[in-house]
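Peer 1: Need coordinates for the below:
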Amino acid sequence: MTKSLIAVAAIAAILAQPLAALAEPGLTDKEIVIGSCSVQSGPTQELGIQQIAGAKLYLDKINAEGGVNGRKIKLEVMDDHYEPEGAIACFKKLAELPAFAGAFFVGTPTAAKYAPMAAVDKIPVVGLFTGAGLLRSPVNRYIFNVRASYNDEAKTQIDHFWDAGMKKIAVLYQDDAFGVAVLNGVKTALAAHNAQPVALGSFQRNTTKIGDAVSAVRASNPDAVVVVGPYAPVAAVLKEAHGRGWTPVFTTVSFVGTEALIKEAGEDANGMVITQVVPPVNRKDLPTVAAFDKAAVQHHVTPSFVSLEGYIDAIVLVDGLKRAGKELTRDGLVNALEGMNDVAVGLGDLKVSYNADNHQAFNTVIPTVIKGGEAKVLTDWSSLKQ
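Peer 2: Residues are numbered from 1 along each chain as shown. As a prediction, this is how the structure comes out:
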């Protein structure tokens, strides 16, 4: 075949592809590439590993059914090590793949880098494992949160403590964007009661050196302590405090990774209050939780709050892709997501609603307390008092 005929054939093959596939990076007539920048190694790795495992359960189900409008979803997972510097490099790789969209990211300090990069590159990102306000206000057209915010979680904790007569609240937090986000939520919640934290203590990210922070907070003799961090340092705080005979009520937000904390802290986890943003995995009366549990058993994935959240994030992503139609574009996905209003996803009262002024699907917070190595729904906060 002559060079001219080869060129003509190549052009004809290109023209035969759908227009959307020609125009949109990470998209062909057979495949949608989704990129994930997530922590996959180091002391916080269980959060990223579990979230991705849950997301894959649902994406594999969709692919087995034929994909989305005839396209299979290909998930490319990259490790950002839960570090801002790693986040920048990871998102550049995601764009270079190229990925059509991003999903299943972990952490606030990393998200602080991802959000502006997503806006510049106009790459939609769906389902971030963080409740940080910086992803919610002002609204970033390309960032779609599923979970409730840290402000929602902090308000739930503080209001319930207050009503139960526990009004001396201290905060022991990871000294980065994540810790500050929760700290600010606690301060806002306390301000509504004309109060403020009685003491503050901080520690560095990706370490378990928490002794000085514990000492700083203990001196104030608080009724309750909000501990802000992933499972490893939070477990270290519990062990250190209990080892010193100090037993106030400890509480933390959903990011901690409940099951990983229980494994890491052992008996010291008992009595820890954790606000959750998805239902407990034993709520098999909810269709989506039942389907998740069945898939987890079949594929040897440990059911957890984090893996269930990944599964739910994948549901929202896929629903948006379906609504965007066969002629898929990135802006089409954004518009489709913003058009979702009270969309039922098999989670009872938890329904997905987005619009141009709101990119957070849920605001429900479910308080739990660790008892006998298991997170159980907490209804009586006064029972926590010593």
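Peer 1: Report how many residues lie close to residue 273.
Peer 2: 22 (other Cβ atoms under 10 Å). Every C-beta, even on glycine, is put in place using the N, C-alpha and C of the backbone.
Peer 1: confidence score at it?
Peer 2: We have a pLDDT of 98 for residue 273.
Peer 1: Could you give the bridge partners of it?
Peer 2: Beta-bridge pairing for residue 273 (DSSP bridges): residue 251, residue 369.
Peer 1: thinking it is in contact with residue 384, fair?
Peer 2: Yes: judged on Cβ atoms under 8 Å, residue 273 makes contact with residue 384 at a distance of 6.9 Å.
Peer 1: Spit out the residues that contact those two alike.
Peer 2: 249, 369 (Cβ atoms under 8 Å, 6 or more residues apart in numbering).
Peer 1: Go ahead and list the helix or strand containing residue 333.
Peer 2: Under the criterion DSSP states H and E, the helix or strand holding residue 333 is helix 330-338.
Peer 1: Give me the contacts around the helix or strand that that helix is followed by.
Peer 2: Going down the chain from helix 330-338, the next helix or strand is strand 343-347, by DSSP H and E. Outside strand 343-347, the residues within contact range by Cβ under 8 Å, 6+ apart are 278-279, 286-289, 291, 312, 315-316, 319, 351-353.
Peer 1: Check which helices and strands the helix holding residue 333 sits against.
Peer 2: Helix 330-338 is packed against helix 305-324, with contacts defined by 3 or more Cβ pairs under 8 Å, 6 or more residues apart in numbering; DSSP states H and E.
Peer 1: Mind doing that once more with 10 Å?
Peer 2: Counting contacts by 3 or more Cβ pairs under 10 Å, 6 or more residues apart in numbering; DSSP states H and E, helix 330-338 packs against helix 19-23, strand 101-106, strand 125-129, strand 143-144, helix 305-324.
Peer 1: Of those, which stretch is the most buried?
Peer 2: Stretch with highest mean neighbour count among these: strand 101-106 (a mean of 29; mean count of other Cβ atoms under 10 Å).
Peer 1: Quick test: name the residue nearest the centre of this protein.
Peer 2: The C-alpha lying nearest the average C-alpha coordinate of the chain belongs to residue 129 (Cα atoms, centre = their mean; 1.4 Å).
Peer 1: Please report how far the residue lying closest to that residue once chain neighbours are set aside lies from residue 93.
Peer 2: Nearest-residue entry for residue 129: residue 106, 4.4 Å, with adjacent residues in sequence omitted and distances by Cβ to Cβ, 6 or more residues apart in numbering. According to Cβ to Cβ, to the nearest Å, residue 106 stands 16 Å off from residue 93.
Peer 1: what do you get for residue 148?
Peer 2: For residue 148, the distance to residue 93 (Cβ to Cβ) stands at 30 Å.
Peer 1: More neighbours: the two, which one.
Peer 2: Relative neighbour count places residue 148 above the other of residue 148 and residue 93, with 24 against 15, counting by other Cβ under 10 Å.
Peer 1: Please give me every residue in contact with that one.
Peer 2: Counting by Cβ atoms under 10 Å, 6 or more residues apart in numbering, residue 148 touches 131, 156, 253-254, 275-278, 350, 360-366.
Peer 1: Same question for residue 155.
Peer 2: Residue 155 makes contact with 149, 185, 186, 188, 189, 190, 192, 275, 365 under the criterion Cβ under 10 Å, 6+ apart.
Peer 1: Check which element follows the host helix or strand of residue 152 along the chain.
Peer 2: Here residue 152 is covered by helix 150-163, with elements defined by DSSP H and E. For helix 150-163, the succeeding helix or strand toward the C-terminus, using DSSP H and E, is strand 169-174.
Peer 1: Would you mark the buried spots in the next helix or strand after that next one?
Peer 2: Going down the chain from strand 169-174, the next helix or strand is helix 177-191, by DSSP H and E. For helix 177-191, burial by neighbour count (16 or more other Cβ atoms under 10 Å) applies to 177, 178, 179, 180, 181, 182, 183, 185, 186, 187, 189, 190.
Peer 1: do stretch 261-275 as well
Peer 2: Neighbour counts over stretch 261-275 (16+ other Cβ under 10 Å) mark 261, 262, 264, 265, 268, 269, 270, 271, 272, 273, 274, 275 as buried.
Peer 1: Between the two ends of it, how far is it?
Peer 2: 13 Å (Cα to Cα, to the nearest Å).
Peer 1: ok now that stretch, how far from the chain's centre?
Peer 2: The chain centre lies 20 Å from the centre of stretch 261-275; the measure is Cα atoms, centre = their mean, to the nearest Å.
Peer 1: Then stretch 286-304?
Peer 2: Here the centre of stretch 286-304 is set off from its chain's centre by 18 Å, with Cα atoms, centre = their mean.
Peer 1: what comes up buried for that stretch?
Peer 2: Within stretch 286-304, the residues scored as buried using 16+ other Cβ under 10 Å are 286, 288, 289, 291, 292, 293, 295, 296, 301, 302, 303, 304.
Peer 1: Stretch 376-386 too?
Peer 2: By neighbour count on 16+ other Cβ under 10 Å, the buried set for stretch 376-386 is 378, 381, 384.
Peer 1: The first one touches residue 161, doesn't it?
Peer 2: So that's residue 378. No: in this structure, residue 378 is not within contact of residue 161 by Cβ atoms under 10 Å, at 11.5 Å.
Peer 1: got any residues that touch both of these two?
Peer 2: 251, 273, 384.
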